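*Asks:* Whatever this is, show me its structure:
(one chain, ligands or ions: 1)
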Amino acid sequence: MNHLEHKHDRAVRYFHWVNAPLLAVMIWSGLLIYWAYDPYEIAIRGIVLVKFFPDWFYHHLDLKFGLATGMAYHFAFMWFFAVNGLLYIGYTAWSGHWRDLRPTRRTPIEAFHVVLHDLRLRKEPLPPGKFNAAQRLAYAGVVMMGAGSVISGLAIYKPTQLAWLTTLLGGYQAARLEHFALTVGYVLFFIVHIAQVIRAGWNNFRSMVTGYELIPVAQEATPHVHPKPEPAASAS
Ligand code: HEM
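*Replies:* Coordinates of the predicted model:
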């Protein structure tokens, strides 16, 4: 027999599922803007290891010549992204949900244990809790990244009016690089997040949609009738 247990508040689910498509629009429109001047690459001693981005990438995703469209979408949807994020942070602070997400001093080592556990290299069960240490690190980190994107975005959106902010982030070029690096971070987060969601299974995913998780009740816990003992066979 199974029973339903409440896992995710309605507000958290709402903010989460609104955030996902908003972030997709922000990344897509950001790429349309980035295409117009795309200087970033990872190179060692002049040898380019990764170029952000090769021509085929823009070509296949139809990201060329869309600067004006990108700016229009980016500067409109950023407000929804920022407001949704602020509401999520406000709700998290108000409801006490931040306690589920807050990393502690033990979180880094416990997150390492989670990785070993997931790779089946560690047998000990993980400490009980709503989120394991790796999730706490990832979720708290991605919320900070969201704040960083809005702040660095404002710094490069209005570098004259918000000159103090742009300067605080190291100048226009540094703020632009920070804004870009955070976007790469989301993509990496997303790949790991989706892999973990698939690994955790349908029940876990459904709880983020409905709010409830199905908990199987252990067989021993359910009352059951012992079979009547057979009368002992007579020795004579
Ligand atoms: C569209 C694809 C996505 C799916 C299928 C998905 C799925 C999920 C699921 C199932 C959980 C609950 C995890 C658990 O209870 O163990 C969760 C939580 C979370 N996800 Fe996603 N997610 C998606 C996109 C994103 C994106 C784009 C972000 C942010 C960049 C994100 C950030 C988070 C955060 C911060 C939490 C914890 C929320 C909280 O409890 O406050 N997710 N996600």
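
*Asks:* Name the SS class of residue 42, please.
*Replies:* Judged by DSSP: H, G, I helix; E, B strand; the rest coil, the three-state class of residue 42 is strand.

*Asks:* ok, and the closest non-adjacent residue to it?
*Replies:* Excluding the flanking residues, the one nearest residue 42 by Cβ to Cβ, 6 or more residues apart in numbering is residue 50, at 4.3 Å. For glycine as for every other residue, the C-beta is placed from the backbone atoms N, C-alpha and C.

*Asks:* Can I get the helix or strand harbouring the one you found in PDB, CA atoms only?
*Replies:* Here residue 50, judged by DSSP states H and E, is contained in strand 47-51. Below are the C-alpha coordinates for strand 47-51, written out as PDB (Å, rounded to 0.1, in the frame of the first residue of the first chain):
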ATOM      1  CA  ILE A  47      45.500  27.100 -29.600                       C
ATOM      2  CA  VAL A  48      41.800  27.600 -29.500                       C
ATOM      3  CA  LEU A  49      40.100  24.700 -27.600                       C
ATOM      4  CA  VAL A  50      36.600  26.000 -27.500                       C
ATOM      5  CA  LYS A  51      35.100  28.800 -29.600                       C
END
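
*Asks:* in the helix or strand following it, what's buried?
*Replies:* Of the helices and strands lying after strand 47-51 in sequence (DSSP H and E), the nearest is helix 55-60. For helix 55-60, burial by neighbour count (16 or more other Cβ atoms under 10 Å) applies to residue 58.

*Asks:* Give me the residues contacting helix 55-60.
*Replies:* 31, 35, 63-64 (Cβ atoms under 8 Å, 6 or more residues apart in numbering).

*Asks:* Surely residue 25 touches residue 78?
*Replies:* No - with contact defined as Cβ atoms under 8 Å, residue 25 does not reach residue 78; the gap is 9.6 Å.

*Asks:* of these two, who's got more company?
*Replies:* Taking neighbours as other Cβ atoms under 10 Å, residue 25 and residue 78 compare with residue 78 leading, 20 against 16.

*Asks:* who's in contact with residue 117?
*Replies:* Contacts of residue 117 (Cβ under 8 Å, 6+ apart): 124, 126.

*Asks:* quick one: buried residues of the host helix or strand of it?
*Replies:* Element membership for residue 117, per DSSP H and E: helix 107-118. Going by neighbour count (16+ other Cβ under 10 Å), the buried part of helix 107-118 is 107, 110-111, 113-114, 117.
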